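> give me a model of this one.
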Amino acid sequence: MSTPAAAWAIGLVAALWLAGPAGAASSVVTTPQVRAELIAHAPEGVGPGKPLWLGLKIEHQPHWHTYWKNPGDSGLPTTLEWQLPAGWAAGDIEWPTPKKLPIGPLMNFGFEGTLLLPVAVQVPAGFNAGQADIKLHAEWLVCKDVCIPESGDFVLSLPAGVAACEIAWPTPKRLPVGPLVNYGYEDQLLLPVPLTVASDFKGSALDVKLTAQWLVCKDVCIPQQGEF
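Predicted coordinates for the structure are as follows:
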């Protein structure tokens, strides 16, 4: 897993998603079967020649699934139709590796749990707006005992000239567990992330969304997550 898409997926452990204040609610579509959200990853800010990824994050309800680009003997793949600022170009979906979904004598391929469908985006040299308005129409087939075709329209406003850097990790403490030695933290912990805002930033406000995942351990380990 050495592609930028793979690095982005790993970055979900603690990632900042930037979005403008306008239309933030319409970046999420929720059905009884899934929660789908349009998200963006711009580690150097939104600007010409800088890496930018857009993606659809789908969280399935237990036992529900959607399909891979090659769904197998039945099913339909998720499709993304973009409306981007003039001159912007979106690539193909960087599909993650699916899991096998056997149904009787049939073999399908798809996803359960949390899924991220990232797409690389090229920003043209002439882009100099204060923000970029992104629109996405997505369609997916979600199945359990029955299959339900669903769709959603998403809007996301990205402020130009804003970038989130890596976590500035504090010094950990040794956490020996039997013959093993781990490194981590107890008591209170602060994980600072520098946020760079360009001097010519034109937005009137900046909304920051954080999705974080962590593993907390004592006698047992419990994976946890939160959205802030």
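
> going forward, measure contacts between C-alpha atoms and count neighbours the same way
Noted.

> tell me where the chain has helices.
4-10 (DSSP state H).

> low-confidence ranges, it, go.
The chain contains residues with pLDDT under 70 at 1-25, 161-168, 193-207, 209.

> and the residue lying closest to Gln122 once chain neighbours are set aside, how many neighbours?
With sequence-adjacent residues excluded and distances taken as C-alpha to C-alpha, 6 or more residues apart in numbering, Gln122 is closest to Ala89, at 5.2 Å. For Ala89, the neighbour count with other C-alpha atoms under 10 Å is 14.

> tell me who's in contact with Ala89.
121-123 (C-alpha atoms under 8 Å, 6 or more residues apart in numbering).

> from Pro124, how far off is it?
8 Å (C-alpha to C-alpha, to the nearest Å).

> can you check Ala160 too?
To Pro124, Ala160 is 13 Å away according to C-alpha to C-alpha.

> between the two, tell me which one has more neighbours.
Taking other C-alpha under 10 Å, Ala160 and Pro124 do not tie; Ala160 has more neighbours (26 against 16).

> wait, the more buried one touches Glu44, no?
No. Counting by C-alpha atoms under 8 Å, Ala160 stays clear of Glu44, with 10.0 Å between them.

> what number of residues lie near the closest residue to Gly152 other than its chain neighbours?
Leaving aside its chain neighbours, Gly152 sits nearest to Ala138 (5.4 Å; criterion: C-alpha to C-alpha, 6+ apart). By other C-alpha under 10 Å, 18 other residues sit near Ala138.

> quick check: bridge partners of Ala138?
Beta-bridge pairing for Ala138 (DSSP bridges): Leu80, Gly152.

> residues contacting it?
Going by C-alpha under 8 Å, 6+ apart, Ala138 touches 78-81, 151-153.

> nearest to Lys99, of those residues?
Minimum distance to Lys99 across the contacts of Ala138 is 15.1 Å, recorded for Thr78 (C-alpha to C-alpha).

> wait, what's in contact with the closest one?
66-69, 138-141.

> of these - the most surrounded one?
Counting by other C-alpha under 10 Å, top hit in the contacts of Thr78: Thr66 with 27 neighbours.
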